[in-house]
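> Can you look at this prediction? I've put the sequence above it.
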Amino acid sequence: ETGVTQTPRHLVMGMTNKKSLKCEQHLGHNAMYWYKQSAKKPLELMFVYNFKEQTENNSVPSRFSPECPNSSHLFLHLHTLQPEDSALYLCASSQIAGGRNEQFFGPGTRLTVL
Amino acid sequence: SQQGEEDPQALSIQEGENATMNCSYKTSINNLQWYRQNSGRGLVHLILIRSNEREKHSGRLRVTLDTSKKSSSLLITASRAADTASYFCATDAAYGNNRLAFGKGNQVVVIP
């Protein structure tokens, strides 16, 4: 877990708040990901960045806005969220090469929307 | 889109026993990976098996892959209480978009 860090670990916010989740990877990887994990559901891929360029937006509502200023940092900006957005948000990174794509995950941010 | 599906969904065993879980998928893959997640934490990569491999070992873990049946199994031998976790399979599609499709997970409880 120390290779990928996420802050904050826990976040409680109201529906009118604006907050940001931060992810940092110390592994020199070239790709970063945001996932949403809700109870009893498979992990949902939200966004993918390769070499800082967004390559995938998996039909995520616009109230989630990603930002990747460099290959080591990834943010998820949140605004006007809904209670159903409460979940564990996981960041991951990987080095895409040679047909391998092992992903290294951060510990996650547990988000509660009131 | 393809998605791993683990079976059984929940497994409770005594310490020292073996735990086996299966995963099925729907389309061609480059590789299949298994991850572990302790409660409320991030996923930890356990093992990767390429589509041209049939079996792989890592410590007490043994993974098999049958591409004709589009299925994989994960065996944990001599289980320990610390193996209590959720286990996910993830497939890396052969069409090469470097996106992993995860299954719903398999809860394993090892009773000391």
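Perfect, thanks for sending it. Residues are numbered from 1 along each chain as shown, chains lettered A, B, ... in the order given.
> can we go C-alpha only for contacts and neighbour counts from here?
OK.
> who in chain A is up against chain B?
Proximity of chain A to chain B is confined to A:1, A:40-43, A:88, A:90, A:96, A:99-108 under the rule Cα under 8 Å from any Cα of the partner chain.
> make it 10 Å
Counting by Cα under 10 Å from any Cα of the partner chain, chain A comes close to chain B at A:1, A:4, A:9, A:31, A:33, A:37, A:39-45, A:48, A:50, A:55-56, A:88-92, A:94, A:96-97, A:99-110.
> So which of those residues belong to strands?
A:4, A:31, A:33, A:37, A:44-45, A:48, A:50, A:55-56, A:88-92, A:94, A:104-105, A:109-110 (DSSP state E).
> ranges for the helices of chain B?
Ranges of helices in chain B, per DSSP state H: none exist.
> quick one: the strands in chain B?
B:5-7, B:10-14, B:19-24, B:29-37, B:43-50, B:55-58, B:61-66, B:71-76, B:85-93, B:100-102, B:106-111.
> could you dump these to CSV with mean neighbour count?
As requested, these are exported to CSV (neighbours: other Cα atoms under 10 Å in any protein chain shown):
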stretch, mean neighbour count
strand B:5-7, 22
strand B:10-14, 15
strand B:19-24, 22
strand B:29-37, 23
strand B:43-50, 20
strand B:55-58, 14
strand B:61-66, 19
strand B:71-76, 21
strand B:85-93, 26
strand B:100-102, 24
strand B:106-111, 20
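> quick one: which of these is nearest residue A:25?
For the strands of chain B, proximity to residue A:25 was assessed by Cα to Cα; strand B:43-50 is nearest, at 14.6 Å.
> returning to that earlier point: take the strands of chain B and write them to TSV, including mean pLDDT and distance to chain A.
Listed next are those as TSV, based on pLDDT from 0 to 100; distance: least, Cα to the nearest Cα, whole Å:
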stretch	mean pLDDT	distance to chain A
strand B:5-7	59	9
strand B:10-14	92	12
strand B:19-24	92	13
strand B:29-37	94	7
strand B:43-50	95	6
strand B:55-58	97	15
strand B:61-66	98	16
strand B:71-76	96	17
strand B:85-93	92	7
strand B:100-102	90	6
strand B:106-111	93	11
